[in-house]
Structure formats: C-alpha cells, structure tokens
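# generate coordinates for the sequence data below:
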Amino acid sequence: MNHTINWLFQQPRSVKRIISLLLDTLFISLAFWAAFLLRLDSSYLLASYKHWLVLVTMLPVTLLCFIRFGLYRAVLRYLGYHATVTMMAGVAVSAVTMVLAAYYFGAFLPRSVPIIYGVLALLLCGGARTMARALYNQSTKKQKTPVIIYGAGSSGRQLNTSLACSSEYRAVAFVDDNPGLHNVLLQGLTVYPANELAWLVERYGAQKLLLAMPSISRQRRREIVEGLEALSLDILTIPGMVDLVSGKAKVNELHEISIEDLLGRDPVAPFPELIAANIKNKVVMVTGAGGSIGSELCRQIVQQGPVTLVLFEMSEFALYQIDQELVGLCRDAGYPVRIVPIMASVQRQNRLEAVMSTFGVQTVYHAAACKHVPMVEYNVVEGVRNNVFGTWRAAEAAINCGVETFVLISTDKAVRPTNVMGTSKRLAELVLQGLALRQSNTRFCMVRFGNVLGSSGSVVPLFKQQIRAGGPITVTHEDITRYFMTIPEAAQLVIQAGAMGKGGDVFVLDMGEPVRIIELARKMIRLMGFDVKDEQHPDGDIEIKVTGLRPGEKLYEELLIGGNEAPTAHPRIRTANEVHLPWDDVANLLDDLDTACAAYNQEWIRQLLLDAPAAFNPQDGICDLVWQDEQKSGSTSVTEIEAIKPVVALVR
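All right, here's what the predicted structure looks like:
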C-alpha cells in the first residue's frame, strides 16, 4: 500500500491531474445515482434516459468548475481550507446544474435529491483526497525526525502547522508551563507538563526540542534550557518576537539556542538623553570600525541620527564589510547618515588630524586595539604601539582638531594585568587621564568591561567549531572564569557611559556574575544535543581537554583596581576613582617606551611596563617570538640601548 501511495505521489503533475479528473467523474456519478437510490429506494431510474442526460450535463459543468476554481492546481499533500471551499463551491454549482437540467429535460427530481447529492459528492471527492493525504503522511512519518514543541501558544501552533507540511520534522507532543492546557488536545497533539519531558523523549524517541516561546525573557529562557540539559536534546528555537513582528523572520525558521541568550541578560532600556547626547546631529568617528565592538557601535550610532559617521579602520576587508552593511542599513531604514570609510592606522597622527579636521569630527569612539592576549605576548612591540601609542596619537589629534568627546574602549584585563595586552590598555587609560589633566577642551573618558559573546576573540565560536568537528573542546584551566556580555548590550552601554563623562573618568560596566569556562563548555555540548565524555561517562560524545594556561592568561578577571567605585545615573554603569599620573610623568614614560620599541629591546620594554603604575605582574617570561629566536644567536643589552637613544630620538 505504501509503495502504491509513494508511486502515485511521484508521478508528474499532468498524470496526477488526469487521475483526479477520472476519480471525480466516478465520484460525481456515484453520488448522483446514490442520491436517487437513498431518496426513492428504487433503481428504476437507471433506465431513464432523461436522468442520464441530466448526469451528462452535470459532469462537464462540475469538472469545469473544479478546474476553474483551481482544485487541480492544489498539491494534494498540502490540502487545506482553500481546497475545501473550492470543492463546496463546485458541488453547489453542480447541484444547481442538476435542478436546471432536470427542469429542462423534464426529468423527475424530488426536492431533497440535490441536497443528498451535494453531501455525498463532498464526502466522496473530499474524503478521497483526505484519505490519500493521510496515507501519504503515514507513509512518510517514519522518515521524519520526531520533535517536541515547548510552548502551546499561538507560535507553537503555527510551528506545528508548518512542520506538518515539512519533510524534515514531525511534532509528537506539546509541552507547556500553563496548567490550564495540560492534557488538552491541540491540533491532534496532547499538551504535557514540563516534568514529563523525560518520559516523552523515551516514549516517542524525540531527538529535538523546539522552543516556541519568542516573547519570553532571557532569564526565563535560561531557566527552561537549564532544566533541559540533563535530557541531552538538541534544542532549537524560533526567532524572537521583534523579528517575527517586523517580518525579518518566520515562525518556522528554526535555529540553535544561542549561548548569548543564555549568558546574556535582559537588556535595560537605553536612556534616550544619554544614548543620543554625543551622536544626534553630530559628526561621529569610530576607530577600529570593522571589529566586533566597533562594528556594533556603528550599527547603533546610525540609528541615533548623526550627520556623518566616519569609519576609521586599518583592515581593508573589515572596512569594506562594515561600509557595505551600514550603507544598506541606512538605505533600507531611511537613515539620512553619510557613511565615510577611511582606511588608515591610528598610529599616524597626521592622517588622524586630516580626517578629523576635514569632516569636523565631534565625537570619537576609540575601539581600535590589539586585544588577543597570546598574540600581543608573541608580538610585544606591535601590541604596545597600537594600544598605547595609537591611543595617544588619536587623542592628540582629537585635541588639536577640537573634538568634543573621546571615549576609549578599555578592558577588564587592564586591572592588575598579568599580560602585555592588559598592561598596554592600562597605559592607554593613563595617557587619557594625563591628557584630561593637561587640557579641558576635549572630554576624555574610558569604559572598561569584560568579554563580549560572539566577538572574534570569544570562546563561543571556537567551542561551536570544536563540537561540530567531534571534539575535543580545549579549556586552558578547570577553574578559569570570565565575565561575559553580549555585543549589543556592551555597545549600548559604552555610548551611554561616554555621555556621562566629565573628563578623565573610568566607567565600569556591570558584567553580571562570572562564568566558569569549563561549565560553559559543558552547557554548549548539551545544548547541541551531545553528551560530555569523561571518566564518569566514557560513552559520551565530546571530551573536554584541559591544555594549560596560555602566555599571559589569568584565571579570573577584575573590573576595579581598588574598591573605590560609585553608582551613576544608569543602573549598569559605575564610575571608578583610580590612580592617575600628571601629564609630565606620562610623557616621560611614553618617551622611554617609544625609544625601547624603536630599538626593539624587549628587556627594556618589560622593565618600563613593570615600573609603570599599572600593577603589571607577569606570570611568564618575555614571549615575543622574534626576540626568543634572536636569543639563540645573541642579544642586545640595555647599556647598548642607552648609547643609541640620541640616534633613535633624532630619527623620530
């Protein structure tokens, strides 16, 4: 039987239409004579040529109506409300034709016969199609992946309807937290409470759970998913309510549960006066515009109505990508913002000044930085030059060009750093604090926060890649912890913090609770439908391998150097009162550091970083790769550097 049904559905459309026409001809004829037999309980009319004339007249009219109304264009396996209405209309026209033809030919026609005929024709034509669809669905049922839908609301019901027409999944049950829906039958599926999920998975062999609750908060979503971790189900979700309402996504567009949704918090609505203060009707520049934070800053900035947005980026490809994205965004949303892509390095002050003065920049968000801890450890000079001197040159250019506000994107790694990257960012903070004391025309402030989820340096994309490859997941230490924040929330808070600065301020974003990286790895393994493989579970799927701390890596991060912090007008932004230096001391430090970098003397650079008030406490020796290879053939002493200082200064 299944073979016959599958063969039928595999035939060309023309063949299936001919078969449908022949069957409808048979069903209409049967309904016609059966109506008379039921009404008169006699078969003598079969010999009446007048009734045969009525039938011959009805048949083409009925079939033409079916054709004209589009019944034969409908795909049988997807028949729905429209097909039912089409058949009802066609049968109604057929019954009227029966009455008119009987009157014309003088055939005997009891008044109840057209009604009986209409009912029988609907049952035969519609019932045959329904039965064929049911047989087809039953034959393909075993080929579909059984899934459970969590959420029996309107979104869940729409999702179930969509799945019924798909060839990939079949829903076997609803799960919902509402007690009023428990044991209710919806669209042929029973609604169960969440505590019966384990039994449902075992009974139906469900392999996936579809979360159809687009409007719930992140906190509630996190609670639900954490309760499902023990089941090792692959959890998919439908898009959020904002995307559904705006038309950017549909209910049946399933995607994996985002770890950002689970670690991120429900965002606090931005304060309009803060979010627009440094942007609306102003010329804004973002350095490092193609990076993770820089690009998100740009996306949020264009929505606040700047006159011009200058994209300052060293990477040609990154600049091209963000430029194309923003131009398209402004065009589609109707934002009257001029996008200016500038390719240059923040270490070139003359280029910075030319750009700032030409376009009349009023606000700068300085996101350009070398931020990967191991990469800066391996390339010390470039890391220091980009992070320290790049910030200094950009700040000096801002002062010379009359920029109103300069906001530095800093990091939690600047607090009691154990690596060159964190130390260089702390020195960048000291530079801006010194410049804030030296002058008052440009307002400098710094915003310090931890890791952002989904950035180029985040562990989340790496873990996903390792899980899809079958493992193992690599974690540097069992006890390592990190703060996490979503990129949109971080960018939004940076913009608002920048509006509160008075000069030399260090703002600290509320990052929530720190997360153990090894627990994050376990959570991601379970979310993607796998089991953790360890000593207790040797038959698991993905192993977690501890590789040891990388050069300069800390077990945990901090956001404050001291405990001296104060609240601000925003509940997730705090201000820190920390040690800073007068500009003359900062300038002397920069001069020595510049000389050491120009001479490529790693020992001197290390000593200067240790002597600076940055609380640098390295856990490793000098890791610069070029320097390490040079040590095999000879090294340059600090005494030799002292001798070439005047030459280096003259060259500069």
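
# residue 554 against residue 418, yeah?
Yes. Residue 554 is within contact range of residue 418, at 5.0 Å (criterion: C-beta atoms under 8 Å). C-beta: built from backbone N, CA, C; applies to glycine.

# list residues touching both of these two?
With contacts taken as C-beta atoms under 8 Å, 6 or more residues apart in numbering, the residues that reach both residue 554 and residue 418 are residue 619.

# neighbours of residue 611, how many?
Using other C-beta atoms under 10 Å, residue 611 has 11 neighbouring residues.

# local confidence estimate at it?
With respect to pLDDT, residue 611 has a value of 91.

# equivalent analysis for the one 3 residues further on, please.
We have a pLDDT of 87 for residue 614.

# same check on residue 136?
On the pLDDT scale, residue 136 gets 62.

# go on, residue 300?
92.

# skipping adjacent residues, who's closest to it in space?
Nearest non-adjacent residue to residue 300, counting by C-beta to C-beta, 6 or more residues apart in numbering: residue 491, 5.4 Å away.

# and the one you found, what element?
helix 487-500 (DSSP states H and E).

# quick one: list the elements packing against that helix.
Helices and strands touching helix 487-500, as assessed by 3 or more C-beta pairs under 8 Å, 6 or more residues apart in numbering; DSSP states H and E, comprise helix 272-275, helix 292-302, strand 363-366, strand 405-409, strand 443-448, strand 451-453, strand 505-509, strand 573-576.

# pLDDT weak spots in the stretch 501-650 of the chain?
552, 556-564, 634-650 (pLDDT under 70).

# switch the cut-off to 50
636-641, 643-650 (pLDDT under 50).

# buried ones in the host helix or strand of residue 54?
If you go by DSSP H and E, residue 54 is part of helix 49-68. Buried residues in helix 49-68, counting neighbours by 16 or more other C-beta atoms under 10 Å, are found at 50-51, 53-55, 57-59, 61-63, 65-66.

# same question for stretch 362-375.
Neighbour-count burial for stretch 362-375, counted by 16+ other C-beta under 10 Å, picks out 362-371, 373.

# just the C-alpha atoms of the helix holding residue 54, please, in PDB.
Extracted in PDB, the C-alpha atoms of helix 49-68 (Å, rounded to 0.1, in the frame of the first residue of the first chain):
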ATOM      1  CA  TYR A  49     -32.600   8.400 -20.500                       C
ATOM      2  CA  LYS A  50     -33.700  11.800 -19.100                       C
ATOM      3  CA  HIS A  51     -31.700  11.200 -15.900                       C
ATOM      4  CA  TRP A  52     -28.700  10.100 -17.900                       C
ATOM      5  CA  LEU A  53     -29.000  13.400 -19.900                       C
ATOM      6  CA  VAL A  54     -29.000  15.300 -16.500                       C
ATOM      7  CA  LEU A  55     -25.900  13.500 -15.400                       C
ATOM      8  CA  VAL A  56     -24.100  14.000 -18.800                       C
ATOM      9  CA  THR A  57     -24.900  17.700 -18.400                       C
ATOM     10  CA  MET A  58     -23.700  18.000 -14.800                       C
ATOM     11  CA  LEU A  59     -20.400  16.200 -15.200                       C
ATOM     12  CA  PRO A  60     -18.600  18.600 -17.500                       C
ATOM     13  CA  VAL A  61     -20.100  21.600 -15.700                       C
ATOM     14  CA  THR A  62     -18.900  20.300 -12.300                       C
ATOM     15  CA  LEU A  63     -15.400  19.300 -13.600                       C
ATOM     16  CA  LEU A  64     -15.000  22.700 -15.300                       C
ATOM     17  CA  CYS A  65     -15.900  24.400 -12.000                       C
ATOM     18  CA  PHE A  66     -13.300  22.400 -10.200                       C
ATOM     19  CA  ILE A  67     -10.700  23.300 -12.900                       C
ATOM     20  CA  ARG A  68     -11.700  27.000 -12.900                       C
END
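
# what's it packed up against?
Using 3+ C-beta pairs under 8 Å, 6+ apart, helix 49-68 is in contact with helix 13-40, helix 81-105.

# how many other residues sit next to residue 584?
For residue 584, using other C-beta under 10 Å, the count is 11.

# quick one, what contacts it?
Residue 584 neighbours (C-beta under 8 Å, 6+ apart): none.

# hang on, the earlier thing: how about the helix holding residue 491 as PDB, C-alpha atoms only?
Taking Å, rounded to 0.1, in the frame of the first residue of the first chain, the C-alpha atoms of helix 487-500 are listed here in PDB:
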ATOM      1  CA  ILE A 487      28.000  42.800  21.900                       C
ATOM      2  CA  PRO A 488      24.800  44.900  21.500                       C
ATOM      3  CA  GLU A 489      24.500  45.500  25.300                       C
ATOM      4  CA  ALA A 490      28.200  46.400  25.600                       C
ATOM      5  CA  ALA A 491      28.000  48.900  22.700                       C
ATOM      6  CA  GLN A 492      24.800  50.400  24.000                       C
ATOM      7  CA  LEU A 493      26.300  50.900  27.500                       C
ATOM      8  CA  VAL A 494      29.500  52.300  26.000                       C
ATOM      9  CA  ILE A 495      27.600  55.000  24.200                       C
ATOM     10  CA  GLN A 496      25.600  55.900  27.300                       C
ATOM     11  CA  ALA A 497      28.700  55.900  29.600                       C
ATOM     12  CA  GLY A 498      30.500  58.200  27.200                       C
ATOM     13  CA  ALA A 499      27.700  60.800  27.600                       C
ATOM     14  CA  MET A 500      28.200  60.900  31.400                       C
END
